[in-house]
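Colleague: Sequence unavailable; structure follows:
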Ligand SMILES: NC(=O)c1ccc[n+]([C@@H]2O[C@H](COP(=O)([O-])OP(=O)(O)OC[C@H]3O[C@@H](n4cnc5c(N)ncnc54)[C@H](OP(=O)(O)O)[C@@H]3O)[C@@H](O)[C@H]2O)c1
């Protein structure tokens with residue numbers, strides 16, 4: 001068994017590096033790219049987002065294409081991957097689409113002090129895992145591997161990206177640049193401040209550039225485990 005899943009971070013950004021508006025969801029991508037992301041989702045065992053993304057975007061995190069859902073079913077898998085979120089204070093609505101839509105397993109990694117609270121209101125809709133005093137992503141990914149997750153897709157937001165990248169837990173980055181500016185420094189960025197393994201001395205390896213209508217997909221290999229599966 002792997003010590004952690006193959007991890008693919010997928011994100012779309014504006015030209016000026018933002019991933020959303022200050023208080024609401026922002027659609028940055030286009031239909032062609034949504035379909036590409038759908039295929040990537042279908043190829044994964046789990047999708048992880050931060051609790052703020054659950055609260056702000058209310059994402060369903062489902063595989064949309066019926067053909068891809070059927071292909072997963074034929075392989076004995078749930079129609080959509082497991083949904084995973086991480087939270088400290090567990091202020092999540094059990095009626096959010098993350099929990100309420102789809103049959104896939106839902107897992108919430110919660111900081112120890114709030115686990116009892118979380119189990120009380122999310123217990124009926126999700127598996128609540130005690131993530132420790134502070135939830136550490138390396139431990140979280142090891143726990144996902146133990147639950148059978150071999151391929152993990154990280155889909156935001158910036159706080160989660162920062163931890164996965166600074167802790168060197170990402171094997172592949174798929175970054176889509178959308179042709180627009182947000183221009184508001186209160187809006188969330190792709191990453192927060194941090195010490196990243198890639199810098200002027202160690203540049204990330206760009207493996208592919210693809211134009212999809214009016215957006216561009218940049219694929220980076222961030223670890224020796226990178227697999228060119230797409
Ligand atoms: N463009 C894109 O591709 C894309 C994709 C996804 C999201 N977004 C945007 O990203 C924005 C949200 O990003 P964000 O950076 O503000 O938030 P985020 O990364 O989605 O979530 C942050 C929250 O996750 C929990 N969390 C993160 N790390 C944790 C840890 N180690 N231990 C315990 N809990 C932890 C905390 O939840 P609690 O507060 O519950 O304790 C924290 O407040 C939204 O505007 C959304 O629209 C964009």
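Modeller: Good, I have the coordinates. Computed from a predicted structure; not experimentally measured.

Colleague: dump the residue contacts of the spatially most distant residue from the centre of the chain.
Modeller: For the chain, the residue at maximal distance from the C-alpha centroid (CA atoms, centre = their mean) is residue 201, at 27.6 Å. Residues in contact with residue 201 (CB atoms under 8 Å, 6 or more residues apart in numbering): none are found. In short, each C-beta sits where N, CA and C put it, glycine included.

Colleague: I'd assumed it was in a strand, is it?
Modeller: No. Using DSSP: H, G, I helix; E, B strand; the rest coil, the assignment for residue 201 is coil, not a strand.

Colleague: I'd like the distance between it and the ligand.
Modeller: Note on residue 201: its distance to the ligand, by CB to the nearest ligand atom, to the nearest Å, is 27 Å.

Colleague: What of residue 219?
Modeller: Distance of residue 219 to the ligand, computed by CB to the nearest ligand atom: 15 Å.

Colleague: mind listing what that residue touches?
Modeller: By CB under 8 Å, 6+ apart, residue 219 lies in contact with 172, 173, 174, 175, 206, 207, 208, 209, 210, 230.

Colleague: Backbone dihedrals for the residue farthest from the centre of the chain, both of them.
Modeller: Phi and psi for residue 201, reported as degrees, to the nearest 10, are phi -90, psi -30.

Colleague: repeat for residue 103
Modeller: The phi/psi pair for residue 103 (degrees, to the nearest 10) is phi -90, psi -10.

Colleague: At which residues are the helices of this protein located?
Modeller: 31-42, 51-57, 66-74, 97-100, 115-122, 137-146, 158-166 (DSSP state H).

Colleague: what's the closest of the ones you listed to residue 218?
Modeller: For the helices of the chain, proximity to residue 218 was assessed by CB to CB; helix 31-42 is nearest, at 12.1 Å.

Colleague: Show the average pLDDT along the closest one.
Modeller: For helix 31-42, mean pLDDT is 98.

Colleague: How about residue 65, nearest residue that isn't a chain neighbour?
Modeller: Leaving out its chain neighbours, the residue that sits closest to residue 65 by CB to CB, 6 or more residues apart in numbering is residue 38, at 5.5 Å.
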